[in-house]
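>>> What follows is a predicted protein model with its sequence.
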Amino acid sequence: MKNKLYKSLFLILFIVNLMACKKGFLDEKPDKALLVPETLQDVKQLLDNSSQVFNISTGLDVMSADEYITDQTTLSTLEAYERNSYLWEKDIYPGVINVGDWSIPYQQVFYANIALETLEKINPSAKDKKEWSRLKGIAFFYRGFAFYNLVKLFAAQYDKRSADQLPGIPLRLKSAVNVSSVRANLQESYNQIINDITSANKLLLLNEEIKTRPDKKAAFALLARVFLSMEDYTNAGKYADSCLRLQSNLIDYNTISSEGTGRPFPSAFPTGNLEILFFSGIISYDFPTFNADIIIDPILYERYEVNDLRKLLFFRKQSGIESVTFRGTYTGKNDNKLFAGLAVDEMYLIGAECLARQNRIEEAMALLNKLLITRWRTNTYVAKIASDSAEALHLILDERKKELLARGLRWDDLKRLNKDPIYATELRRNVNGKLYVLKPNDLRYVLPIPDTEVANGLIQNPR
């Protein structure tokens, strides 16, 4: 049976890769008879494919955000789509057939749909019912996570007043590819994301030992992230609180060694980093992971105070020069990816922001201070106070940018906060004497749909 499954998984991967190289990724017609698992064990192994399919998140948004900077010499060594993403060009990937930030999430959707369809054909015994439910929950979670990663890149910022009039993403809810893809509207897209994650939460275990498998805590955390993106601060705060009620432990950064130039945080596996709720790594592009000439914005680096241990643990100073690179990823010491999963510290910051927006200032600052005291040298942290909700929000959002650096969250935050004139940010790059500007709410905050998909009927995003 194991050999049969491995053959089946190989065929699925082969056919999905073929789909990415010909026609539109969503429209190639594979022979489904070759790729349908049959048993719970088959489905389990399918969903545990973490290194090649699941547990991979988008990366073009990291290149486009305002955390990293580089120069013309370095840009000239990068792939065109990396360079174009960094410079916010109108056409990001000319001539590129397989756009990973599009094809990988839809590959995850395809596998999740295969798992869900297989489970529907299995009538589990009483002994297997719990495992059947757990696997169904994992499949729903993976599909919801993939749809969310797609909508944050390829659709406009959510606004409840216009979401039913704006294009969202294709919602592939079946593995069959002989059905033409169309873009659902933005409201339908978010409804599906929420439905998938909510369905997952009802079925998942309370705890999973392996961080690549989602559990109830992860589902609560993902719901908090999605509702924050939607500016639904009531629900975002509710789900962040639900998550923290189940897991709220934080790493005391005083216990992490800053010696050497390597990555200081423990590996996510098996249970080394107690803050990680669900593991996902950003696609391993050269930008920024494998290039020491892509550095952290110096203005951002200087915002970390002297006794803030993140200044030591997050950054590596370049020998002989003033620039710094990022080393503080939660993927741990043995993984070259940047962390883009779900973690406890993010839930503290979501909870604090939502409380501040509800004018619950003391509660918001208490939550923020509980997080920050673990980030500072022992006996040096002075609790932050705020006189009103505006001041509290300013402090929380500043810490959000510093704490969640390089996790693939900043681009979504920029889109969300740009709607508020107080927090709107104009991005600027000065490369070889030429100034590149991205104004708040610019159309280029929405990435273009790959040309292969547009050629097969999908509506392109205006740029």
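Structure received.
>>> Which secondary structure element is home to residue 299?
Here residue 299, judged by DSSP states H and E, is contained in helix 298-301.
>>> Counting by contacts, list what the helix ranked longest in the chain packs against.
Counting residues, the longest helix found in the chain (DSSP state H) is helix 129-154. Here helix 129-154 touches helix 40-47, helix 60-64, helix 100-121, strand 167-170, helix 186-203, helix 216-229, helix 410-417, going by 3 or more Cβ pairs under 8 Å, 6 or more residues apart in numbering; DSSP states H and E. In short, each C-beta sits where N, CA and C put it, glycine included.
>>> Now do the longest one against helix 186-203, angle only.
Helix 100-121 runs at 50 degrees relative to helix 186-203, counting by axes from the mean of the first three to the mean of the last three Cα atoms, to 10 degrees.
>>> What's the mean pLDDT across helix 100-121?
Helix 100-121 carries an average pLDDT of 96.
>>> Can you list the buried residues in it?
The neighbour-count check on helix 100-121 (16 or more other Cβ atoms under 10 Å) flags 100-119 as buried.
>>> How many neighbouring residues does residue 84 have?
21 (other Cβ atoms under 10 Å).
>>> Same question for residue 214.
With other Cβ under 10 Å as criterion, residue 214 counts 33.
>>> what's the neighbour count on residue 179?
Neighbours around residue 179, by other Cβ under 10 Å: 11.
>>> mind listing what residue 417 touches?
397, 423, 424, 425 (Cβ atoms under 8 Å, 6 or more residues apart in numbering).
>>> distance of the second one from residue 232?
Residue 423 is 17 Å from residue 232, where distance means Cβ to Cβ, to the nearest Å.
>>> quick one, domains of the chain?
1-204+428-463, 211-425 (automatic domain parsing).
>>> as a whole number, average confidence for the shortest one?
Okay, so that is domain 211-425. 94.
>>> What is the end-to-end distance of that domain?
End-to-end distance for domain 211-425, by Cα to Cα, to the nearest Å: 35 Å.
>>> For residue 363, which residues are in contact?
Residue 363 touches residue 355, counting by Cβ under 8 Å, 6+ apart.
>>> Give me the contacts around stretch 311-318.
253, 256, 258, 261, 264-265, 292, 295-296, 301, 304-305, 323-328, 405.
>>> picking that back up, same list, the contacts of residue 417, but as JSON lines with secondary structure and neighbour count please.
Converted to JSON lines, the contacts of residue 417 look like this (DSSP: H, G, I helix; E, B strand; the rest coil; neighbours: other Cβ atoms under 10 Å):
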{"residue": "397", "secondary structure": "helix", "neighbour count": "18"}
{"residue": "423", "secondary structure": "coil", "neighbour count": "15"}
{"residue": "424", "secondary structure": "coil", "neighbour count": "13"}
{"residue": "425", "secondary structure": "coil", "neighbour count": "13"}
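>>> Save these as CSV, and put in distance to residue 281 too.
Listed next are the contacts of residue 417 as CSV, based on distance: Cβ to Cβ, whole Å:
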residue, distance to residue 281
397, 26
423, 29
424, 31
425, 27
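>>> Let me know the closest of the residues you listed to residue 129.
residue 397 (44.8 Å; Cβ to Cβ).
>>> I'd guessed that closest one sits against residue 420; true?
No. Using Cβ atoms under 8 Å, residue 397 is not in contact with residue 420; the gap is 10.2 Å.
>>> Which parts of this structure are strands?
With strands called from DSSP state E, the chain shows them at 56-57, 68-69, 167-170, 183-185, 276-278, 281-282, 295-296, 315-317, 324-326, 342-343, 427-431, 434-438.
>>> neighbours of residue 74, just the number please.
There are 19 residues near residue 74, going by other Cβ under 10 Å.
>>> how about it, what does it touch?
Applying Cβ under 8 Å, 6+ apart, the residues contacting residue 74 are 291, 293, 294.
>>> and the last one, what is it in contact with?
Right, the one you point to is residue 294. Here residue 294 is in contact with 68, 69, 70, 74, 287, 288, 325 (Cβ under 8 Å, 6+ apart).
>>> again, only using 7 Å
Taking Cβ atoms under 7 Å, 6 or more residues apart in numbering as the criterion, residue 294 is in contact with 68, 70, 74, 287, 288.
>>> and what of the second one?
Residues counted as contacts of residue 293 (Cβ under 7 Å, 6+ apart) are 70, 74.
>>> For the residue nearest the centre of the chain, which non-adjacent residue is spatially closest?
The centroid of the chain falls nearest to residue 340 when counting by Cα atoms, centre = their mean (4.7 Å). Take residue 340 and drop its neighbours on the chain: the residue closest to it by Cβ to Cβ, 6 or more residues apart in numbering is residue 57, 3.7 Å away.
>>> Could you export stretch 219-237 as PDB, keeping only the C-alpha atoms?
The C-alpha coordinates for stretch 219-237 follow below in PDB (Å, rounded to 0.1, in the frame of the first residue of the first chain):
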ATOM      1  CA  ALA A 219      -7.500  27.800  13.500                       C
ATOM      2  CA  PHE A 220      -8.300  30.400  16.100                       C
ATOM      3  CA  ALA A 221      -5.100  32.200  15.300                       C
ATOM      4  CA  LEU A 222      -5.700  32.100  11.500                       C
ATOM      5  CA  LEU A 223      -9.300  33.400  12.000                       C
ATOM      6  CA  ALA A 224      -7.800  36.300  14.100                       C
ATOM      7  CA  ARG A 225      -5.400  37.100  11.300                       C
ATOM      8  CA  VAL A 226      -8.100  37.000   8.600                       C
ATOM      9  CA  PHE A 227     -10.600  39.200  10.500                       C
ATOM     10  CA  LEU A 228      -7.800  41.700  11.300                       C
ATOM     11  CA  SER A 229      -7.100  41.900   7.500                       C
ATOM     12  CA  MET A 230     -10.900  42.600   7.000                       C
ATOM     13  CA  GLU A 231     -10.800  45.300   9.700                       C
ATOM     14  CA  ASP A 232     -13.300  43.400  11.700                       C
ATOM     15  CA  TYR A 233     -11.700  44.200  15.000                       C
ATOM     16  CA  THR A 234     -14.400  42.600  17.200                       C
ATOM     17  CA  ASN A 235     -14.000  39.200  15.700                       C
ATOM     18  CA  ALA A 236     -10.200  39.500  15.300                       C
ATOM     19  CA  GLY A 237      -9.900  40.300  19.000                       C
END
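>>> oh, and call the first residue 16 from now on, that's how I've got it
OK, 16 is where the count begins now, so the last one is stretch 234-252.
>>> now that stretch, how far from the centre of its chain.
Mean C-alpha position of stretch 234-252 versus that of the full chain (Cα atoms, centre = their mean, to the nearest Å) differs by 14 Å.
>>> Would you mark the buried spots in it?
Result for stretch 234-252 [16+ other Cβ under 10 Å]: buried residues 234-248, 250-252.
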